[in-house]
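*Asks:* I would like to see how this sequence folds:
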Amino acid sequence: MSYQTLAQKYRPQKFEDVVGQETITRTLKNSIFSERIANAYAFCGPRGVGKTSVARLIAKAMNCANPVDKDPCNQCFSCQEISQGNNMDVLEIDGASNNGVDEIRTLRENVKFSPSKSKFKVYIIDEVHMLSQGAFNALLKTLEEPPAHVKFIFATTEAHKVLPTIMSRCQRFDFKRISPAVISAKLLDIAQKEEIVVSKETALLIANAGDGSLRDSIVILDQMVSFSGRQVISDDVIELLGMVQKEVMDTIVTAIINNDPKTIINLLDDLISGGKDPVFIANSLIKYFRDIMILKTTSCALTSDMAFSEEETRKLKVQ
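*Replies:* Coordinates of the predicted model:
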């Protein structure tokens, strides 16, 4: 049996499995349950936050033979086929490689045909912003008045590149970056199920490295298991990802406060000589200063989203 990555294994199978997007999933569940399904949806937002996963869940829920509490049952023939990517009526199209007028014209011809065995034909177009101007124009009329059995779901990381005339014909949902606290909780849940030893601090460190993307964070956890085995520690995460250690950041900040350019230059030289990208170092410093400002101005209200222990938090607040 081929290896299944953690990101694949823990792809959401129910709406409640989608973390950090509760408002969106609640709205979509209710629209399906009340049969107020739009002709087209536009899912916008950064990578790895659940756009394609939710699109597949909608396709399942619309065609599920035995829905359970507004969720797809994942047991019927339709659900299983969609999960395996074998359902003839649910088509996932890569907008980057099918971005021409000819491809969209073919799609327009296909939508005329009734579903082979499902209630709805669902077209999921990923990275829809990659479609050409001509392709967008060819899609307009079909999108405005599609057959009753056809639904479109567009996913994009760059909504500003999608024609306004296309977007105006869709129900738009903006997926947000997921907070480190929510991501780390999910990572700890996965680690427990997979019998991986990960501390809360290490999970939060990985979550911060994921930059709001749950998928990226799970990929990092998977990568860390290959590197460290079943016990993942913070030092290994810092080493593998090439991160700047908090102790070094603390020393640089202290040197800046004390107006000590020699120490700053020596530390930066060591980091760059060790292979660190100057832009990465600058971004790390910006985030570090941001953490300090938040801690000083919010009475620690946001410390759960930061990879700092209580002792480190106390030190940051007095800087």
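
*Asks:* just the helices in the stretch 201-319 of the chain please.
*Replies:* Taking DSSP state H, counting those that start in this stretch as the test, the helices found in the stretch 201-319 of the chain are 214-228, 234-241, 246-257, 261-273, 278-297, 310-317.

*Asks:* what comes up buried for stretch 12-20?
*Replies:* Residues of stretch 12-20 classed as buried: 12-15, 18-20 (neighbour count, 16 or more other C-beta atoms under 10 Å). C-beta coordinates here come from the backbone N, C-alpha and C atoms, glycine included.

*Asks:* In TSV, list those residues along with pLDDT and distance to Ile206.
*Replies:* Listed next are the buried residues of stretch 12-20 as TSV, based on pLDDT from 0 to 100; distance: C-beta to C-beta, whole Å:
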residue	pLDDT	distance to Ile206
Pro12	94	19
Gln13	93	23
Lys14	93	24
Phe15	94	25
Val18	95	20
Val19	94	15
Gly20	93	16
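
*Asks:* what's the closest of the residues you listed to Phe227?
*Replies:* Val19 (25.1 Å; C-beta to C-beta).

*Asks:* Distance check, the closest one against Gly212.
*Replies:* For Val19, the distance to Gly212 equals 12 Å [C-beta to C-beta, to the nearest Å].

*Asks:* before we move on, back to that, what's the most buried one of the helices of the stretch 201-319 of the chain?
*Replies:* Of all those, helix 214-228 has the most neighbours on average by mean count of other C-beta atoms under 10 Å, namely a mean of 20.

*Asks:* Packing partners of it?
*Replies:* On a contact count with 3 or more C-beta pairs under 8 Å, 6 or more residues apart in numbering; DSSP states H and E, helix 214-228 meets helix 6-9, helix 180-193, helix 200-209, strand 231-232, helix 234-241.

*Asks:* pLDDT weak spots in the stretch 101-250 of the chain?
*Replies:* Residues of the stretch 101-250 of the chain meeting the criterion pLDDT under 70: none.

*Asks:* so how many other residues sit close to the nearest residue to Phe173 once chain neighbours are set aside?
*Replies:* Of all residues not flanking Phe173 in the chain, Ile24 sits nearest, at 4.9 Å (C-beta to C-beta, 6 or more residues apart in numbering). By the criterion of other C-beta atoms under 10 Å, Ile24 has 21 neighbours.

*Asks:* Then Ala96?
*Replies:* 12.

*Asks:* Can you verify my assumption that it contacts Ile125?
*Replies:* No - contact between Ala96 and Ile125 fails when scored by C-beta atoms under 8 Å: they sit 10.3 Å apart.

*Asks:* hmm, who's touching stretch 63-70?
*Replies:* 15, 29-30, 32-33, 61, 72-73, 75-79, 82, 87, 89-90, 118-120, 122 (C-beta atoms under 8 Å, 6 or more residues apart in numbering).

*Asks:* Can you say which of those residues are buried?
*Replies:* 15, 29, 32, 61, 72-73, 76, 78-79, 82, 87, 89-90, 118, 120, 122.

*Asks:* quick one: Tyr123 is in a strand?
*Replies:* Yes - assessed by DSSP: H, G, I helix; E, B strand; the rest coil, Tyr123 belongs to a strand.

*Asks:* isn't it right next to Lys151, touching?
*Replies:* Yes - counting by C-beta under 8 Å, Tyr123 touches Lys151, with 7.4 Å between them.

*Asks:* Now the common contact residues for Val19 and Gly212.
*Replies:* Joint contacts of Val19 and Gly212 (C-beta under 8 Å, 6+ apart) are 178, 183.

*Asks:* mind listing what Tyr123 touches?
*Replies:* Tyr123 touches 91, 93, 107, 111, 150-153, counting by C-beta under 8 Å, 6+ apart.

*Asks:* any idea how far Gly210 is from Asn258?
*Replies:* 34 Å.

*Asks:* swap in Gln4?
*Replies:* Taking C-beta to C-beta, one finds Gln4 at 52 Å from Asn258.
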